[in-house]
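# Below are the sequence and a predicted model for it; my questions follow.
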Amino acid sequence: MKELLQELSPGDRDWLLATSLDPKRIPSHIAIIMDGNGRWARQRNFPRIMGHKAGVDPVRAVVETCARLRVEVLTLYAFSAENWKRPRHEIEGLWRLLRFYLKRELPNLMRHEIQLVAIGRLESLPSPVQEELQAAMDETAHNRGMRLNLAINYGGRTELVDAVNSILDNARLEGNLHSLEISEEAIGTHLYTAGLKDPDLLIRTSGEMRLSNFLLWQIAYAELYVTETLWPDFTRTELLQAILDYQNRERRFGGLTRSAPSAMDLSSLLLEEEVLELPLA
């Protein structure tokens, strides 16, 4: 398959991959660690911020493709709680890029009925960023298509700390702290992703073999897909390859193997006229 794909044009590669997918086994929730922007810039002797800027278009391609594939939830790791350690000018550049993305992509999110939600400790973000994030979330709140989670100032450990503290606060208010028992269900209902399915597929770009404190609770049974591709070079083709790889695996969740459903043609979902106009990174 890989050899054949290399001989095809990008459009033909996407068509072949799309027709190979089973629409009954599309991941309900895809999470992505978008890594490699700095490395991409360094390889070209560019400032790091140019790598982050180059990573904006792949976001659009992935978001639109997932929406057309009927993915229910897409969670993107945009800014970790540890990223504050980076140089100030880089962080300020990231906030400018985020605000640019929100302004540019809002009409597209509305057209595809995508609901935007930011998760993380948002209260620590600069006020203008908080305001524009909230405005975009309010604007898309009634959309009924895919939910797009932007993990911003996010950390898996801090999410668990916040969840437990929330449980304790509720117990204090209700006066039953002395009899409180913290269960998995209780923690799950106090996570930033409460009410959502856990990720089926976790994609990491740039080849790094680590989770980087991302969705530590939620990815307990997620399938992992790691690619050497740096995020600015990540295309719709690679996303489809990741989903096809996911569909070729057996997910037992500790049980026995189940027979997989037969593959069906998915090309009609991706290869409509307007889809062909999607910008590829």
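Looks like it arrived, so ask away. From a predicted model like this one, the values you see are computed outputs, not experimental measurements.

# For the stretch 1-150 of the chain, give me the ranges with low pLDDT.
The model of the stretch 1-150 of the chain has pLDDT under 70 over residues 1-9.

# All the strands of it, residue numbers only.
With DSSP state E, counting those that start in this stretch, the ranges of strands along the stretch 1-150 of the chain come out as 29-33, 73-80, 115-119, 147-154.

# would CSV of those with distance to Ile187 be doable?
All C-beta atoms are positioned from the backbone trio N, CA, C, and that covers glycine. Written out in CSV, the entries for those read as follows (distance: least, Cβ to Cβ, whole Å):
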stretch, distance to Ile187
strand 29-33, 18
strand 73-80, 18
strand 115-119, 15
strand 147-154, 17
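
# Can you say which of those strands is nearest to Arg251?
For the strands of the stretch 1-150 of the chain, distance to Arg251 was read as Cβ to Cβ. The smallest value, 13.1 Å, belongs to strand 29-33.

# before we move on, back to that, any chance of the strands of the stretch 1-150 of the chain in CSV, plus distance to Trp40 and mean neighbour count?
Conversion of the strands of the stretch 1-150 of the chain to CSV gives the following (distance: least, Cβ to Cβ, whole Å; neighbours: other Cβ atoms under 10 Å):
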stretch, distance to Trp40, mean neighbour count
strand 29-33, 15, 25
strand 73-80, 16, 22
strand 115-119, 25, 21
strand 147-154, 20, 24
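
# and Ile243, which of these is closest to it?
Nearest to Ile243, of those and by Cβ to Cβ, is strand 29-33 at 7.8 Å.

# Give the other helices and strands that the closest one contacts.
Counting contacts by 3 or more Cβ pairs under 8 Å, 6 or more residues apart in numbering; DSSP states H and E, the secondary-structure elements packed against strand 29-33 are strand 73-80, strand 201-204.

# can you list these in JSON lines and add distance to Gln115?
Putting the helices and strands packed on strand 29-33 into JSON lines (distance: least, Cβ to Cβ, whole Å) gives the following:
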{"stretch": "strand 73-80", "distance to Gln115": "10"}
{"stretch": "strand 201-204", "distance to Gln115": "20"}
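
# nearest to Gly155, of those strands?
Distance to Gly155, taken as Cβ to Cβ, is lowest for strand 73-80 among the helices and strands packed on strand 29-33, at 6.0 Å.

# and Val161, which of the three is it?
For Val161, the secondary-structure state derived from DSSP: H, G, I helix; E, B strand; the rest coil is helix.

# Which stretches in the stretch 51-200 of the chain count as helices?
Secondary structure of the stretch 51-200 of the chain by DSSP state H, counting those that start in this stretch: the helices cover 56-68, 88-111, 127-140, 156-174, 184-188.

# so what's the backbone phi/psi at the closest residue to Gly156 other than its chain neighbours?
In space, Gly156 comes closest to Leu216 once its chain neighbours are excluded; the distance is 3.3 Å by Cβ to Cβ, 6 or more residues apart in numbering. Leu216 has phi and psi values of phi -60, psi -40 when expressed as degrees, to the nearest 10.
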